[in-house]
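Chemist: Need a 3D model of the following:
(2 chains)
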Protein chains: 2
Amino acid sequence: MVPHLITALTGPINELEQRILDSMPAIERWFRLEWMEHTPPFYTSVDIRNAGFKLAPVDTNLYPGGWANLTPEMLPLAVQSAMAAIEKICPEAKNLLVIPENTTQDPSYLANLAQLKRIFHMAGLNVRIGSIDPEVKTTKSVTLPDGDSVLIEPIVRTPRRLGLKNFDPCTILLNNDLSTGVPGILEDIHEQYLLPPLHAGWSTRRKSNHFHSYEEISKRFGKLLGIDPWLITPMFNKCGAVNFGQGTGMDCLATNVETLLGKIRRKYKEYGIGEKPFVVVKADNGTSGLAITTVRDTKELEALTSGQGSKLMSAVKGGQGQASVRDIIIQEGVLTNERIEDAPAEPVVYMMDRYVVGGFYRVHAQRRSDENLNSPGAGYVPLAFDTSTRLPQPGAKPGASAPNRFYMYGVIGRLAMLAASYELEATDPDAEVYD
Amino acid sequence: MVPHLITALTGPINELEQRILDSMPAIERWFRLEWMEHTPPFYTSVDIRNAGFKLAPVDTNLYPGGWANLTPEMLPLAVQSAMAAIEKICPEAKNLLVIPENTTQDPSYLANLAQLKRIFHMAGLNVRIGSIDPEVKTTKSVTLPDGDSVLIEPIVRTPRRLGLKNFDPCTILLNNDLSTGVPGILEDIHEQYLLPPLHAGWSTRRKSNHFHSYEEISKRFGKLLGIDPWLITPMFNKCGAVNFGQGTGMDCLATNVETLLGKIRRKYKEYGIGEKPFVVVKADNGTSGLAITTVRDTKELEALTSGQGSKLMSAVKGGQGQASVRDIIIQEGVLTNERIEDAPAEPVVYMMDRYVVGGFYRVHAQRRSDENLNSPGAGYVPLAFDTSTRLPQPGAKPGASAPNRFYMYGVIGRLAMLAASYELEATDPDAEVYD
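Modeler: Residues are numbered from 1 along each chain as shown, chains lettered A, B, ... in the order given. Coordinates of the predicted model:
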């Protein structure tokens, strides 16, 4: 069953979709050449928002969960991509160790682990799951609602290698975004492939680095297609060392929000867009600890900082003081104008190696179209990203064909993945620099 | 809609299926390592027959037609595999030239060309179709029953390159099996990639070479799985220079048929199989010119050679004499015990690069289960090779799960593809030989 999807697609997006479709061979060749020079992240998911007048990635996850939301129809593509990925990294591999998040109680996260295990098993690996959580001291089997069960074992560290009891992997797959820093147990592993590398974790990653890379890439891609790169790029600013508790760094925030709102206003004017500009304020690193907040006016910002109980404040984990000093990214807000049964929906594109393997819609009935949908209460609809409709249909009317829209999303997803590749190259501590 | 499928699966096949399923990671790793040393053919289709007590490839096609029989659900896998194939060969490629069979009147063959064009277009190439048929002097557009149209253009040969008017391809994809020999227009092309290479055509290929490679591979694979390789291998003999018109070489044929029937009889006895052994007599090269004939007794052979009007004779194209002198392969006959609405059916597995992308059943209501089904009147059912069921289901009862059976077919298909890879290495005129 495919849910009803209402999409307000007007103006520039239809032209963009048509350009992307017409340029398919050129686009695919462009990616092919990029991947000759740059290594794709092992796996990636990208949140995309389609405002109808523009379309942009808003978040790129290098340790994607949610694999269980992919439909069975998408699995063969994931398996084939996993085969391609493993073959390049460690073709002789027999064993793959998956390191999950430490909080593995959530049934949907456990289902994600079961799905990852299924994919890599079918790609030809013995897969076991080893936790780096110090609390996990013995092997435990967890049964999922669908009857599937997942075995989580305590990790065994030897001076040079990481593994499980009687299990020595060639490749270690992190499904843990290292938000709380790189644990010592993962350091100094030189004999095994640790993927993604440690510097892909949030202790090193900065969203501003990512979107800076994306900006550069979208400029070149825009030139290839002959389009204004703004149509596919969220503008952004950043502020260092903002402390919402003590109110320091708030001037920088106010100035940057004002500047960015002005830039968006000018763009809206240029395209005759009647919407109200907004920005999104979020931590430059990490996925938690600070709420993702929509700001439509600097006045809202003042209100936020003026006292206790503010939305931002309440979301700061670990209390006041030092812990709440954060680097902040201020990103152009992109409306999501796709609807499933009146609820705002945003597509999430899943990739393995260089390939788009599927995706789903994140739907949140309690949120508005200018708010973050990735929060408790969100639902997932695998909607029409299934393989039978994933392939574009040349000749269909722009805006009217779901496969064509999904092809476009796959292109934007891959642009964000490429940006992550550039970003990881730039932050690689072992990179060889040629002058 | 999935057609009704009756399969008489008894005895050793169930055990084989279970072994293959249990050994999935080991099998996938084995292939991975093989593909590090050997190059897969660009694309391959393999006819498989499942007798219930054994299972074997009977024909490996290196210029597969019939791509149009794949379902839309299988296309994304084909596109992804095409991307992987092109990327290795000519990543900077913009253009792909497809050279079809010279007889392109058949609507189903034209649909095959349209499908190939679709796949490679989506993989990121400008695809055009150029005929080497000297009769094709101007561009013609042919409309297919489904409304799709195919443009066939005359090929343009320059001293060093092959192309079309205003179209210079990096890669040339042959979909012409060169049964009638290698035309001069395809020779001495050193600046472009011609795929598959000319020595994959039937002027060089010999089925006996292929099955000799397959035999070697299945021995090693049998060792990996701990099974008798006969369970997945058709035994064979061969005779050179048989002339059915003049009756020369018939002694060799009779002796070899007798020997092979004896070997099959012993194997049947070993496994307690009650079926009547038979062999299949066919040309060692080519796909046409000699009927594929089932022989259950050498007496049938004598009858065949004794006069005019014999089955074999009538099938010899190009009349008597020199033209009908052929190398002959005598292959162990493998019953097909799969049925679709009472008609014998055999699976055909399609591969691109190293990946299984799908398949279908060839069904022929007018044929018996010990006869060749690849003949006029055959139908095609894409039956359950679709992606949703292609992935194996560990834990299902052997013989009862279609996905598990299809995984097994995919493994056998890949073994035959690997045999073709060995075969092409051994017959490569440009191979560098190390002592």
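Chemist: ranges for the helices of chain A?
Modeler: A:12-22, A:24-37, A:75-89, A:107-122, A:207-225, A:250-271, A:298-305, A:311-315, A:387-390, A:402-427 (DSSP state H).
Chemist: From the chain's centroid, how far away is the longest one?
Modeler: Relative to the chain's own centre, helix A:402-427 is displaced by 10 Å; criterion: CA atoms, centre = their mean, to the nearest Å.
Chemist: name the helices or strands packed onto that helix?
Modeler: Packing partners of helix A:402-427 (3 or more CB pairs under 8 Å, 6 or more residues apart in numbering or on different chains; DSSP states H and E): helix A:12-22, helix A:24-37, strand A:43-50, strand A:55-61, helix A:207-225, strand A:343-352, strand A:355-363, helix A:387-390. The C-beta positions use only the backbone N, C-alpha and C, and glycine is treated the same way.
Chemist: Distance check, A:Asp168 against chain B.
Modeler: Using CB to the nearest CB, to the nearest Å, A:Asp168 is found at 15 Å from chain B.
Chemist: Repeat that for A:Tyr63.
Modeler: 23 Å.
Chemist: residues from the stretch 51-200 of chain A in reach of chain B?
Modeler: Taking CB under 8 Å from any CB of the partner chain as the contact definition, the stretch 51-200 of chain A meets chain B at A:72-73, A:75-77, A:79-81, A:83-84, A:86-87, A:91-94, A:121-126.
Chemist: Quick check on those: which are buried?
Modeler: A:73, A:75-77, A:79-81, A:83-84, A:86-87, A:93-94, A:121-126 (16 or more other CB atoms under 10 Å in any protein chain shown).
Chemist: excluding its backbone neighbours, what's nearest the residue in the stretch 151-300 of chain A that chain B sits nearest to?
Modeler: Residue of the stretch 151-300 of chain A nearest chain B, by CB to the nearest CB: A:Cys170 (10.4 Å). In space, and not counting its chain neighbours, A:Cys170 is closest to A:Ala93: 3.9 Å by CB to CB, 6 or more residues apart in numbering or on different chains.
Chemist: Okay, now the unreliable bits of the stretch 301-435 of chain A?
Modeler: Under the criterion pLDDT under 70, the flagged ranges of the stretch 301-435 of chain A are A:303-324, A:382-401, A:433-435.
Chemist: rerun that using 90 as the cut-off
Modeler: A:301-327, A:336-345, A:358-359, A:361, A:363-406, A:429-435 (pLDDT under 90).
Chemist: roughly how far apart are A:Asn372 and A:Gly245?
Modeler: Look at A:Asn372 and A:Gly245: by CB to CB, to the nearest Å, they are 22 Å apart.
Chemist: who has more neighbours, the two?
Modeler: Between A:Asn372 and A:Gly245, A:Asn372 has the larger neighbour count (other CB atoms under 10 Å in any protein chain shown), namely 20 against 17.
Chemist: contacting residues around the more buried one?
Modeler: A:280, A:292, A:294 (CB atoms under 8 Å, 6 or more residues apart in numbering or on different chains).
Chemist: May I have the phi/psi pair for it?
Modeler: Dihedral pair for A:Asn372: phi -70, psi 130, per degrees, to the nearest 10.
Chemist: which ones are touching A:Ile152?
Modeler: Contacts of A:Ile152 by CB under 8 Å, 6+ apart are A:100, A:104, A:113, A:129-131, A:136, A:139-142.
Chemist: Pick the one among those closest to A:Asp284.
Modeler: Nearest to A:Asp284 among these is A:Pro100, at 25.1 Å by CB to CB.
Chemist: Pretty sure the closest one sits against A:Val136.
Modeler: No. Applying CB atoms under 8 Å as the test, A:Pro100 and A:Val136 come out as separate, 9.7 Å apart.
Chemist: more neighbours, the two?
Modeler: Between A:Pro100 and A:Val136, counted using other CB under 10 Å, A:Pro100 has the larger neighbour count: 25 against 17.
Chemist: For stretch A:358-377, buried residues please.
Modeler: Residues of stretch A:358-377 classed as buried under the neighbour-count rule (16+ other CB under 10 Å) are A:358-364, A:367, A:369-374.
Chemist: Oh, that last question was meant for stretch A:227-247, not what I typed.
Modeler: Buried, per 16+ other CB under 10 Å, within stretch A:227-247: A:227-239, A:242-245.
Chemist: now that stretch: mean pLDDT?
Modeler: For stretch A:227-247, mean pLDDT is 90.
Chemist: and if you look at stretch A:149-162?
Modeler: Confidence over stretch A:149-162 (mean pLDDT, whole number) is 94.
Chemist: Equivalent analysis for stretch A:166-176, please.
Modeler: 95.
Chemist: of the contacts of A:Ile152, buried ones?
Modeler: Neighbour-count burial (16+ other CB under 10 Å) is assigned, among the contacts of A:Ile152, to A:100, A:104, A:113, A:129-131, A:136, A:142.
Chemist: Among those, which lie within strands?
Modeler: Of those, the ones assigned to strands by DSSP state E are A:100, A:129-131, A:142.
Chemist: Could the C-alpha coordinates of stretch A:12-20 be exported in CSV?
Modeler: Provided in CSV are the C-alpha atoms of stretch A:12-20 (Å, rounded to 0.1, in the frame of the first residue of the first chain):
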residue,chain,number,x,y,z
PRO,A,12,11.9,26.1,-10.1
ILE,A,13,11.8,22.5,-8.8
ASN,A,14,10.0,21.2,-11.8
GLU,A,15,12.6,22.8,-14.0
LEU,A,16,15.3,21.4,-11.8
GLU,A,17,13.8,17.9,-12.0
GLN,A,18,13.7,18.2,-15.8
ARG,A,19,17.3,19.3,-16.0
ILE,A,20,18.4,16.5,-13.7
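Chemist: which parts of that stretch are buried?
Modeler: For stretch A:12-20, a neighbour-count test (16+ other CB under 10 Å) marks A:12-13, A:16-20 as buried.
Chemist: And those, which is closest to chain B?
Modeler: Among the buried residues of stretch A:12-20, and counting by CB to the nearest CB, the member closest to chain B is A:Ile20, at 12.7 Å.
Chemist: That closest one is in contact with A:Met408, isn't it?
Modeler: Yes. A:Ile20 is in contact with A:Met408 according to CB under 8 Å; the separation is 5.0 Å.
Chemist: Could you report the distance from A:Ser108 to A:Gly65?
Modeler: On the measure of CB to CB, A:Ser108 and A:Gly65 end up 8 Å apart.
Chemist: what about these two, which has more around it?
Modeler: A:Gly65 (21 against 13).
Chemist: Quick check: the gap between the closest residue to that one other than its chain neighbours and A:Tyr63.
Modeler: Excluding its sequence neighbours, the residue lying closest to A:Gly65 (CB to CB, 6+ apart) is A:Asn112, at 4.6 Å. A:Asn112 sits at a distance of 11 Å from A:Tyr63 (criterion: CB to CB).
Chemist: and what of A:Ile329?
Modeler: 19 Å.
Chemist: Likewise for A:Asn209?
Modeler: Counting by CB to CB, the gap from A:Asn209 to A:Tyr63 is 17 Å.
Chemist: now swap in A:Arg49 and tell me
Modeler: Using CB to CB, we find A:Arg49 at a distance of 21 Å from A:Tyr63.
Chemist: How about A:Lys165?
Modeler: Computed with CB to CB, the distance linking A:Lys165 and A:Tyr63 is 25 Å.
Chemist: nearest residue to the residue in the stretch 51-200 of chain A positioned nearest to chain B other than its sequence neighbours?
Modeler: As assessed by CB to the nearest CB, chain B sits closest to A:Gly124 within the stretch 51-200 of chain A, at 2.2 Å. Among residues not flanking A:Gly124 along the chain, B:Glu28 sits closest, at 2.2 Å (CB to CB, 6+ apart).
Chemist: That neighbour against A:Gln80, yeah?
Modeler: No. The criterion here is CB under 8 Å, and B:Glu28 misses it with A:Gln80 at 11.3 Å.
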